[in-house]
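# test case, fold it:
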Amino acid sequence: MQVKLLPSPEQAAALAATLRACNRAADHVSQTAFQTGIKDRNGLQKLVYTDIKATFGLSAQPAVRVVKKVVDAYGALTASLQAGRLGNPGAKRYRKAVGSPVTFHPEAAQPFDDRGLSWQTDARTVSIWTVDGRMRGIRYVGSPDQLKTLAEYRKGESDLVQRGGKWFLIATCDLPDPEAYEPSDWIGVDRGIVNLATTSDDTNYQGRRLGRYRRWQARKRAELQAKGTRSATRRLACRAKEEQHHATHVNHRISKEIVSVAQRTGRGIAVEELDGIRERVRLRRDQRGTLSSWPFHQLGQHLAYKARRAGVPFLHVDAAYTSQRCPRCGHTERANRPDRDHFRCRRCGLAGPADHVAGVNVRNRARSAWVFVTAPVLAPA
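This is a model prediction of the structure:
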């Protein structure tokens, strides 16, 4: 749960100095971990704990949090390497990642536990440790739902974040998941590029507007990259964040509406399992950038967590041939989809928008899968 801090100028200066000190210490710890090969929390803490307290002016708990942040960063790097997200061991990105220590931006987020940061939810203030001493009475604001969730369910660490000159706290909240109801039916969701999402109810969320926005951003990126100046590089980073935030907002809006319809009608939500789509699909050169940057996975994630919070059943189903299979007679062949937008069964003549047909197939597979999942297990005779 994210809330916005409203520090005074003196408090903001102390927070900024704290982030810089913590991230300098994190760079030092990372360098030590890289040189020694010790990347477990206890072993690394024994090596650097006294040093970073004396050198960077950290007290006990911030020093411990810095070590944990470094250990988590190396853990995330190892997971990315094992998952192949940085290519094979001979790839340039892979060699660069393993050939130098992890570094931290001077304004990177810093985690605090309840000893370093305390919440006064009634007064809507926080007290936080800084390199200039304990700062008390820093006000925070948020929506009524955010503040209620924070007061009832906050648990564990909170991250201090600075973005665009503004200060935020991101608190971990442990919300209980409501029990999912027994669905009366399913809403099948087909995800795509031209249409971001099409449901089995024939509700269509078109991606043309988002596509135009991203093509415009691509042209602007090319112009800035051609300049090659430092200011152009900074502007490129800003544009990348703007584009990411815009796509995330669109996915939030779509997923919220689909989950709301499912909850109101007592149905579940089913989506195609698209893991590995970039490896399976062959594309023309002009399509590769679009597919690699399109937020398919994020839309599925938003649907999953919003459904879980609303108690709506959620399923992933097999994506094979959902756009080529006739939902009426079951006939499957590539010729059933003569082009991107249209479906026409070569056997029974069923015709309609291709994405809607795919959504219906996803719904039908969810019906079969749910029967299998909920079927009683019979004991052997």
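# quick one: mean pLDDT over stretch 125-144.
The average pLDDT within stretch 125-144 is 95.
# that should have said stretch 297-309, apologies.
91.
# flag every buried residue along it.
Residues of stretch 297-309 classed as buried: 298-300, 302-304, 306-308 (neighbour count, 16 or more other Cβ atoms under 10 Å). Glycine gets a C-beta too; all of them are placed from N, C-alpha and C.
# how far away is the most centrally placed residue in the chain from residue 94?
Taking Cα atoms, centre = their mean as the criterion, residue 298 is the residue nearest the geometric centre of the chain, at 6.1 Å. Applying Cβ to Cβ, to the nearest Å, the value for residue 298 to residue 94 is 25 Å.
# mind listing the helices for the chain?
With DSSP state H as the definition, the chain shows helices at residue ranges 9-36, 41-56, 60-83, 92-98, 144-153, 208-227, 230-265, 277-280, 285-293, 296-310, 354-374.
# kindly reformat those as JSON lines containing distance to residue 341.
Shown next, in JSON lines, are these (distance: least, Cβ to Cβ, whole Å):
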{"stretch": "helix 9-36", "distance to residue 341": "50"}
{"stretch": "helix 41-56", "distance to residue 341": "54"}
{"stretch": "helix 60-83", "distance to residue 341": "35"}
{"stretch": "helix 92-98", "distance to residue 341": "37"}
{"stretch": "helix 144-153", "distance to residue 341": "40"}
{"stretch": "helix 208-227", "distance to residue 341": "13"}
{"stretch": "helix 230-265", "distance to residue 341": "20"}
{"stretch": "helix 277-280", "distance to residue 341": "20"}
{"stretch": "helix 285-293", "distance to residue 341": "16"}
{"stretch": "helix 296-310", "distance to residue 341": "19"}
{"stretch": "helix 354-374", "distance to residue 341": "6"}
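# just name the most buried of those.
The highest average neighbour count among the helices of the chain, using mean count of other Cβ atoms under 10 Å, belongs to helix 354-374 at a mean of 20.
# convert it to PDB, retaining C-alpha atoms only.
What follows is helix 354-374, C-alpha atoms only, in PDB (Å, rounded to 0.1, in the frame of the first residue of the first chain):
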ATOM      1  CA  ALA A 354     -11.900 -14.200 -34.300                       C
ATOM      2  CA  ASP A 355     -11.100 -12.800 -30.900                       C
ATOM      3  CA  HIS A 356     -14.600 -13.400 -29.600                       C
ATOM      4  CA  VAL A 357     -14.500 -17.000 -30.800                       C
ATOM      5  CA  ALA A 358     -11.200 -17.400 -29.000                       C
ATOM      6  CA  GLY A 359     -12.800 -16.000 -25.800                       C
ATOM      7  CA  VAL A 360     -15.600 -18.500 -26.100                       C
ATOM      8  CA  ASN A 361     -13.100 -21.400 -26.500                       C
ATOM      9  CA  VAL A 362     -11.300 -20.200 -23.400                       C
ATOM     10  CA  ARG A 363     -14.600 -20.100 -21.500                       C
ATOM     11  CA  ASN A 364     -15.500 -23.700 -22.700                       C
ATOM     12  CA  ARG A 365     -12.100 -25.000 -21.600                       C
ATOM     13  CA  ALA A 366     -12.600 -23.400 -18.200                       C
ATOM     14  CA  ARG A 367     -15.900 -25.200 -17.800                       C
ATOM     15  CA  SER A 368     -14.200 -28.500 -18.500                       C
ATOM     16  CA  ALA A 369     -11.200 -27.700 -16.300                       C
ATOM     17  CA  TRP A 370     -13.300 -26.600 -13.300                       C
ATOM     18  CA  VAL A 371     -15.300 -29.900 -13.500                       C
ATOM     19  CA  PHE A 372     -12.000 -31.800 -13.400                       C
ATOM     20  CA  VAL A 373     -10.600 -29.700 -10.500                       C
ATOM     21  CA  THR A 374     -13.700 -30.000  -8.300                       C
END
